[in-house]
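Engineer: based on what follows, work out the 3D shape:
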Amino acid sequence: MAISKGDEVTWNTPQGKTKGTAKEKKTSPFQHDKQKFDASDDEPYWIVESEKSGSTAAHKESSLSKA
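Structural biologist: A predicted model of the protein is given here:
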């Protein structure tokens with residue numbers, strides 16, 4: 001299941017499922033909101049924007065599902 005920029009995606013949070021939009025794929029180590037992430041070609045991350053709050057977060061592609 002490949003995710004593309006602009007796709008509607010869901011992910012689990014302690015409060016339940018959250019929905020948002022995939023904004024940017026990362027395949028090399030990066031920093032987001034003062035946190036470091038070890039993204040790679042084998043384990044990419046996505047910057048996603050929450051539908052509810054409008055805030056962005058980084059999630060492993062494997063933790064995202066297409067909505």
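Engineer: Lys66 pairs with what?
Structural biologist: On the basis of DSSP bridges, Lys66 is bridged to Val9.
Engineer: hang on, I meant Lys19
Structural biologist: Thr10.
Engineer: pull the number of nearby residues for it.
Structural biologist: 14 (other C-beta atoms under 10 Å). Heads up, the C-betas are built off the backbone N, CA and C, glycines and all.
Engineer: run through the residues that contact it.
Structural biologist: Glu8, Val9, Thr10, Ser50, Glu51, Lys52, Ala67 (C-beta atoms under 8 Å, 6 or more residues apart in numbering).
Engineer: tell me the confidence at it?
Structural biologist: At Lys19, the model reports a pLDDT of 97.
Engineer: any weak-confidence spans in this protein?
Structural biologist: The model of the chain has pLDDT under 70 over residues 1.
Engineer: re the thing from before, ok, of the contacts of Lys19, which one's closest to Asp41?
Structural biologist: The closest of those to Asp41 turns out to be Val9 (C-beta to C-beta; 19.6 Å).
Engineer: ok, the closest one to Glu43 distance?
Structural biologist: Using C-beta to C-beta, to the nearest Å, we find Val9 at a distance of 17 Å from Glu43.
Engineer: which of those two has more neighbours?
Structural biologist: Shown here are Val9 and Glu43; by other C-beta under 10 Å, Val9 has more neighbours (21 against 12).
Engineer: list the residues that contact that one.
Structural biologist: Ile3, Lys19, Gly20, Thr21, Ala22, Trp46, Val48, Leu64, Ser65, Lys66, Ala67.
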